[in-house]
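**Q** got a sequence here, can you build the structure:
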Amino acid sequence: MNINIVIIGAGEVGFNLAITLSQEDHNITVIDIDSNKCKRVKNHIDAKVIQGDGASQRILQQIEMSEIDYLLALTRTDEVNLVASKISSKMGANKIICRLRNTEFVHKEAIVVPREFGIDHVVFPERAAQLEIENLIYESAALDVHKYMNNQLSLVAYKIKSDSLIKDKKINNIALENNTHSFKIVLVIRDGKNFVPHNDTKINDNDIVHVICKTKETFSIEKILGIEKPKLNNIMILGSGKIGRLLAKSLERNFNTKIIEKDLAKAHSLGETLNESIILSGDGLDSEFLESENIID
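**A** Residues are numbered from 1 along each chain as shown. Predicted structure coming up:
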C-alpha cells in the first residue's frame, strides 16, 4: 500500500530518508527553502518537490494535508519544525514526526510540550546519539544495541568467537539447554550476508548473532553465549558539543571521565556544569598534548 509522506527539510537527514522511502514506492513530497537542495532531490528520486519555507501557510496549502499519512518536519531549526507541525496538524495531516534539537521541550518542568503542536512523535538527534553511545558503553561486549518498550527489551548483536559456548550448536539445542531464560536469536550475519535462522541452523565461528531478550537478562545471556564483558573504567570525550556534554553529564557518575575541548572559554563554561569530570583544554588531535596529559603512551 502506498503511503503519502511529506518531508520538510532536504538536508542530509531529510534527503537520505526521502531516498529510502522512495524505494518502497511511497508518494513523497519534499519541501525546502534552498533551491540547490531541491534540485538535488529532483535529480535523485521521483518525488514532488516544493521550494519554499516549510513553516509558511501559503507553501503548506499547496498540499492536501487531509490525504497525508505522515508529515516529517526535519529542518535544522526547531522553530521551523514546530510551526510546520502545528500548521500541518491544523490542516489535517494524520501523523506528525518532528525533529528537535532542544531537549527542554521534554523536561518535566516544560511549559510548552510537543503535543501542543500536534506532534505525535519527537526525534532528538543528539539525545539519540548519546543513548546509542551509552548503550554500547554499558553493553561493552556487544557490537550493536537497540532498546525497546521503555528499555525493558533489548536487541543485542554479539560476535561469536572460537571459544564461544554456542559455537557449532543448533539454535534449537541452545534454547533447550537454557530454557530458564527468555531469549531468541533472531538474525545471523555470516560472511557479510544476513539471514533469519531456523531451529536447525548451526552457529559458526565469526557469526554475528542478534539476540532479543529482556534488558535485565543481558548479562545472563552473555554468559550463555560465552561472551566475556570487558570492564570499562575510563572514558575520554573529544569535544564539548551537545552530544559530548550530554554524555559527560550522564557518564561521570559511573566512570572516570575526561573531556578535551580546544576552546578555552568552552572548557571553562563546561567546568561549571559538571561535578566529577576532568576538563582539559587542548587539541584532541595533537599527540604531544595527549602524551603530556598521560592520555596515550
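**Q** dump the helix or strand of the chain at the bottom of the mean pLDDT ranking to CSV, restricted to CA.
**A** Here the helix or strand of the chain ranked lowest by mean pLDDT, DSSP states H and E is helix 287-292, holding a mean of 74. Below are the C-alpha coordinates for helix 287-292, written out as CSV (Å, rounded to 0.1, in the frame of the first residue of the first chain):
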residue,chain,number,x,y,z
SER,A,287,49.7,13.6,20.0
GLU,A,288,52.1,15.7,22.0
PHE,A,289,49.3,17.2,24.1
LEU,A,290,47.8,13.7,24.7
GLU,A,291,51.1,12.3,25.7
SER,A,292,51.7,15.3,28.1
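**Q** can you list the buried residues in the helix or strand that residue 187 is a member of?
**A** Assigned by DSSP states H and E, residue 187 falls within strand 183-190. For strand 183-190, burial by neighbour count (16 or more other Cβ atoms under 10 Å) applies to 183, 185, 187, 188, 189, 190. (C-beta placed from N, C-alpha, C; glycine too.)
**Q** surely the fourth one touches residue 202?
**A** So that's residue 188. No: counting by Cβ atoms under 8 Å, residue 188 does not reach residue 202; the two are 10.1 Å apart.
**Q** what residue lies at the spatial centre of this protein?
**A** With distances taken as Cα atoms, centre = their mean, residue 128 lies nearest the centre of the chain, 4.3 Å away.
**Q** check which residues of the helix or strand encompassing that residue are buried.
**A** Element membership of residue 128 [criterion: DSSP H and E] is helix 125-138. By 16+ other Cβ under 10 Å, the buried positions in helix 125-138 come out as 126, 127, 130, 131, 133, 134, 135, 137.
**Q** report the next helix or strand after that helix in sequence order.
**A** Counting by DSSP H and E, what follows helix 125-138 is strand 144-148.
**Q** counting neighbours, what do you get for residue 18?
**A** Residues lying near residue 18 (other Cβ atoms under 10 Å) number 26.
**Q** do the same with residue 145
**A** 19.
**Q** ok, and the closest non-adjacent residue to it?
**A** Closest residue in space to residue 145, ignoring its immediate chain neighbours: residue 135 at 3.9 Å, by Cβ to Cβ, 6 or more residues apart in numbering.
**Q** relative to residue 40, how far out is that neighbour?
**A** 33 Å (Cβ to Cβ, to the nearest Å).
**Q** just to revisit the earlier point, redo the buried residues of helix 125-138 as a markdown table? Include distance to residue 69 and pLDDT.
**A** Shown next, in a markdown table, are these (distance: Cβ to Cβ, whole Å; pLDDT from 0 to 100):
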| residue | distance to residue 69 | pLDDT |
| --- | --- | --- |
| 126 | 28 | 85 |
| 127 | 26 | 84 |
| 130 | 30 | 88 |
| 131 | 27 | 86 |
| 133 | 32 | 90 |
| 134 | 33 | 90 |
| 135 | 31 | 86 |
| 137 | 37 | 90 |
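**Q** check contacts around the residue nearest to residue 233 when sequence neighbours are not counted.
**A** With Cβ to Cβ, 6+ apart as the criterion, residue 233 has its nearest non-adjacent residue at 5.8 Å, and that residue is residue 256. Neighbouring residues of residue 256 by Cβ atoms under 8 Å, 6 or more residues apart in numbering: 233, 234, 235, 278.
**Q** likewise for residue 183?
**A** 211, 212, 213, 214, 217, 221, 224.
**Q** now with 7 Å?
**A** 211, 212, 213, 217, 221 (Cβ atoms under 7 Å, 6 or more residues apart in numbering).
**Q** ditto for residue 267
**A** The contact partners of residue 267, taken as Cβ under 7 Å, 6+ apart, are 240, 261, 279, 281.
**Q** is it true that the first one touches residue 268?
**A** To tie it back to what came earlier, the one meant is residue 240. No: using Cβ atoms under 7 Å, residue 240 is not in contact with residue 268; the gap is 10.5 Å.
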